[in-house]
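K.L.:
Attaching a predicted model along with its sequence, questions to come.
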Amino acid sequence: MRIGEAVRQRILELCEERGISVNKLSTISGVTQSTVNNIISGRNRSATVSTVKKLCDGLEISIEDFFRSELFRNLEQEIK
């Protein structure tokens, strides 16, 4: 798995755990709906750390908690 896919899956997982939609996450985090939709759809495969931090703030978790997931173990090499 590549980092973009892991980020996408983690966002969806956290939204499901909290019972919120991706659109609601956009609203509470201050990240534009188009940016969040692009991450979720895979059009944006490299969300910035700043964007991930804003999403974490909306979810009321630390960035450390965001990346503390099995999804981020054994990621594929990005540079080949």
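P.N.:
Here it is on my side, so go on.
K.L.:
How about T32: what's its closest non-neighbour residue?
P.N.:
Counting by CB to CB, 6 or more residues apart in numbering, T32 lies nearest to S26, which is 6.7 Å off, once chain neighbours are set aside. Where you see a C-beta, it was placed from the backbone N, CA and C, and this is true even at glycine.
K.L.:
contacting residues for the one you found?
P.N.:
Residues near S26 by CB atoms under 8 Å, 6 or more residues apart in numbering: 32-33, 35-37.
K.L.:
Mind pulling up the pLDDT for G42?
P.N.:
On the pLDDT scale, G42 is placed at 86.
K.L.:
Secondary structure element holding the residue nearest to T32?
P.N.:
Using DSSP states H and E, S26 maps to helix 22-29.
K.L.:
And the helices in this protein, which stretches?
P.N.:
3-18, 22-29, 33-41, 49-59, 63-67 (DSSP state H).
K.L.:
what's the closest of these to Q77?
P.N.:
Nearest of these to Q77, taken as CB to CB: helix 3-18 at 10.5 Å.
K.L.:
Would you mark the buried spots in the closest one?
P.N.:
Neighbour counts over helix 3-18 (16 or more other CB atoms under 10 Å) mark 4, 6-8, 10-11, 14-15 as buried.
K.L.:
Check stretch 23-33 too.
P.N.:
Within stretch 23-33, the residues scored as buried using 16+ other CB under 10 Å are 25-26, 29, 31.
K.L.:
With stretch 34-48 instead?
P.N.:
Neighbour-count burial for stretch 34-48 flags 35-36, 39-40, 44, 47 (criterion: 16+ other CB under 10 Å).
K.L.:
contacting residues around T27?
P.N.:
T27 neighbours (CB under 8 Å, 6+ apart): Q33.
K.L.:
Relative to S46, how far out is it?
P.N.:
Counting by CB to CB, to the nearest Å, the gap between T27 and S46 amounts to 23 Å.
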